[in-house]
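[1] Let's see this in three dimensions:
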Amino acid sequence: MEYISTRGSAPAIRAKKAIIKGIAEDKGLYVPSAFPDFGTNPFAGLEKEDYAAKAATILQGFLTDYTPAELRTACRAAYAENFDDPKVAPVRFLEGKTAVLELWHGPTLAFKDMALQLMPRLLSIALQSESERYEVVILVATSGDTGKAALEGFADAPGVRIFVFYPHGGVSTIQRLQMVTQRGKNVGACAVEGNFDDAQAGVKEIFSDPAVNKKFNAYHYRLSSANSINWGRLAPQIAYYFTGYDDMVMAGKVQAGHPILICVPTGNFGNILAAYYAKQCGLPVSRLICASNRNRILADFIRTGIYDRRRDFYRTESPSMDILISSNLERLLFELAGRQPAVVSGWMGKLASQGWYDLPPDSLRQLQSLFYGGFAGHRDTLKAIREAFERQGYLMDPHTAVGYSVLQKYREETGDPTPALLASTASPFKFNEAVLEALGRDPSGKDEFTLLEELAAISGRPIADRLIELKSLPEVHTKVCTQQGMAEKLYQFLGIQKGWLPF
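    Residues are numbered from 1 along each chain as shown. All right, here's what the predicted structure looks like:
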């Protein structure tokens with residue numbers, strides 16, 4: 001299978017090269033030239049196999065220049081003892097035909113581990129096939145969870161360095177501690193003044209600046225990304241929607257071949273895009289429910305067809321969704337445009353120059369036939385946490401609560417009784433302050449670790465060792481910069497002298 005750019009002017013390449021490059025030369029995102037058809041039962045004969053074997057089966061349909069043995073080995077290493085549940089992505093069943101797909105049992109307690117424990121292994125295999133020897137520099141902008149998951153996944157990986165930018169004051173305390181205490185000889189992180197969109201814009205500028213890339217090339221560095229713009233991040237996420245559906249069938253909650261709803265809380269549109277791709281590959285899905293927080297740009301887009309980033313930005317209790325420029329939406333636009341790159345380039349050009357674009361009526365109808373968009377504000381989010389815990393004994397983090405709230409609104413609005421799979425994206429312990437507030441406790445004046453202990457006492461669930469150890473780990477990545485100073489911080493991390501080339 002080849003991968004083509006959403007902007008159309010970059011050459012088609014194979015999966016290994018796409019994972020190394022991250023983003024196309026024309027600033028587009030790589031998408032599969034065609035979607036494999038897995039049918040409704042891709043795991044026939046694999047009923048007794050573990051998550052790793054099932055994930056490798058799905059990935060083989062997309063990463064066709066990797067051998068089956070390479071994918072099996074990589075998946076077995078990625079989904080092993082580093083996950084605290086043997087099912088890796090277990091499903092919990094709630095009342096009201098709702099199944100919760102828990103994606104946070106990895107080492108950083110967030111769904112990003114599902115891809116970022118595997119991606120470094122896929123990149124390592126890809127680099128082995130390269131004739132030229134160079135060091136890959138993974139450059140990441142994060143709204144919270146991707147940063148730590150990427151740092152953890154790539155720490156001390158041979159032939160790779162990784163540097164993460166995150167919004168200063170725009171992540172939870174636990175998220176910040178996880179990043180600034182990260183150990184590894186090849187890792188670095190820096191806070192950026194502003195919000196996630198500022199950090200993301202700065203990273204994109206570094207990727208697209210010819211002078212910066214010339215300097216990196218001179219030092220035998222090649223830039224790549226661990227954000228979901230990289231196909232190596234997105235492809236592993238497709239697998240867990242198939243395993244989640246399979247678990248629903250095995251539990252008798254849905255009949256094989258019958259459709260389900262999939263509800264995903266999302267800001268950058270990557271996680272729900274993976275669900276859309278699963279549908280394109282045969283997964284029976286009747287509707288994709290896109291759940292936004294107060295930064296409701298995606299919900300508004302689905303309802304109106306107008307994407308307008310000229311609006312106020314809010315810091316919320318679900319910081320990983322505090323985003324106004326959803327990079328992965330470009331991949332969906334490519335499909336809505338009938339795979340016409342010129343149309344996508346036009347929309348992206350309008351977004352860059354005017355701050356907005358709108359869909360024509362036929363594209364909007366297609367979008368709304370696939371997706372439902374809704375949002376949950378602060379009160380709705382806390383209410384969802386409280387009700388799920390008090391009525392069903394299920395504790396969820398604010399991001400999952402956004403999805404839970406929007407799913408309830410969808411059912412009330414449409415009367416649709418179809419069984420639903422809700423993506424749960426983070427452990428509630430990563431956002432203990434908001435969860436405790438939702439449960440009627442006053443978190444003010446208490447440090448992070450006191451809050452963790454209080455939440456453990458209320459919920460009856462243990463605190464993960466990875467969170468307990470944060471109390472004693474030194475903070476080593478403490479730099480702060482402006483968006484304009486991001487390239488200089490990266491130079492310092494790599495030991496590149498400003499304005500000097502080694503020849």
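[2] how about the helices in the stretch 151-300 of the chain?
    Per DSSP state H, counting those that start in this stretch, the stretch 151-300 of the chain carries helices over the ranges 173-180, 196-208, 210-218, 231-250, 270-280, 297-304.
[3] Which other helices and strands does the last one contact?
    Based on contacts counted as 3 or more CB pairs under 8 Å, 6 or more residues apart in numbering; DSSP states H and E, the elements that helix 297-304 packs against are strand 285-292, strand 306-308, helix 361-370, strand 371-375. Just so you know, the C-beta spots here come from the backbone N, C-alpha and C atoms, and that holds for glycine as well.
[4] which helices and strands does the lowest-mean-pLDDT helix or strand in the chain pack with?
    One helix or strand of the chain scores below all others by mean pLDDT, DSSP states H and E: helix 210-218, with a mean of 87. Applying 3+ CB pairs under 8 Å, 6+ apart, one finds that helix 210-218 makes contact with strand 221-225, helix 486-494.
[5] Can you get me the start-to-end distance on stretch 9-20?
    In stretch 9-20, first residue to last residue: 19 Å (CA to CA, to the nearest Å).
[6] picking up where we left off before, turn the helices and strands packed on helix 210-218 into TSV, columns for mean neighbour count.
    Shown next, in TSV, are the helices and strands packed on helix 210-218 (neighbours: other CB atoms under 10 Å):
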stretch	mean neighbour count
strand 221-225	20
helix 486-494	19
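[7] And for Ala420, nearest residue in space, chain neighbours not counted?
    Closest residue in space to Ala420, ignoring its immediate chain neighbours: Leu261 at 4.0 Å, by CB to CB, 6 or more residues apart in numbering.
[8] Actually, Gly170.
    Closest to Gly170 by CB to CB, 6+ apart is Asn195, at 5.6 Å.
[9] mind checking how far the one you found is from His477?
    19 Å (CB to CB, to the nearest Å).
[10] could you measure the residue nearest to Ser225 when sequence neighbours are not counted against Trp231, distance?
    Distance criterion CB to CB, 6+ apart; nearest residue to Ser225, sequence neighbours excluded, is Gly22 at 3.7 Å. Gly22 sits 8 Å away from Trp231, going by CB to CB.
[11] Mean neighbour count for the helices and strands packed on helix 297-304 - can I get that in a markdown table?
    Below are the helices and strands packed on helix 297-304 laid out as a markdown table (neighbours: other CB under 10 Å):
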| stretch | mean neighbour count |
| --- | --- |
| strand 285-292 | 24 |
| strand 306-308 | 17 |
| helix 361-370 | 14 |
| strand 371-375 | 22 |
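[12] who touches Met248 in this structure?
    The contact partners of Met248, by CB atoms under 8 Å, 6 or more residues apart in numbering, come to Val91, Ala99, Val254, Ile260, Pro419, Leu421.
[13] between those, which is nearest Gly267?
    Proximity of these to Gly267 (CB to CB) peaks at Leu421, which lies at 19.4 Å.
[14] Give me the sheet partners of the helix or strand containing the closest one and which way each runs.
    For Leu421, the host element (DSSP states H and E) is strand 420-424. Paired neighbours of strand 420-424 in the sheet (DSSP bridges): strand 98-102 (parallel), strand 260-265 (parallel).
[15] could you dump the helices and strands packed on helix 297-304 to JSON lines with distance to Thr414 and mean pLDDT?
    Output for the helices and strands packed on helix 297-304, formatted as JSON lines (distance: least, CB to CB, whole Å; pLDDT from 0 to 100):
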{"stretch": "strand 285-292", "distance to Thr414": "9", "mean pLDDT": "98"}
{"stretch": "strand 306-308", "distance to Thr414": "22", "mean pLDDT": "98"}
{"stretch": "helix 361-370", "distance to Thr414": "12", "mean pLDDT": "98"}
{"stretch": "strand 371-375", "distance to Thr414": "8", "mean pLDDT": "98"}
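[16] nearest to Glu152, of those?
    With CB to CB, the closest approach to Glu152 among those belongs to strand 285-292: 26.2 Å.
[17] Please put the alpha-carbon coordinates of that closest one into CSV.
    Provided in CSV are the C-alpha atoms of strand 285-292 (Å, rounded to 0.1, in the frame of the first residue of the first chain):
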residue,chain,number,x,y,z
VAL,A,285,-20.7,1.8,12.8
SER,A,286,-23.9,3.7,12.3
ARG,A,287,-22.8,7.1,13.7
LEU,A,288,-19.6,8.6,15.1
ILE,A,289,-20.2,11.0,18.0
CYS,A,290,-17.6,13.8,18.2
ALA,A,291,-17.6,15.2,21.8
SER,A,292,-16.0,18.6,22.4
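[18] tilt between that strand and strand 260-265?
    10 degrees (axes from the mean of the first three to the mean of the last three CA atoms, to 10 degrees).
[19] thinking again about what came up before, got the strands paired with strand 420-424 as CSV, with distance to Arg411 and mean pLDDT columns?
    CSV is the format used below for the strands paired with strand 420-424 (distance: least, CB to CB, whole Å; pLDDT from 0 to 100):
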stretch, distance to Arg411, mean pLDDT
strand 98-102, 9, 98
strand 260-265, 9, 98
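[20] Pipe those into TSV and attach mean neighbour count and distance to Ile174 per row.
    Shown next, in TSV, are the strands paired with strand 420-424 (neighbours: other CB atoms under 10 Å; distance: least, CB to CB, whole Å):
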stretch	mean neighbour count	distance to Ile174
strand 98-102	23	18
strand 260-265	28	18
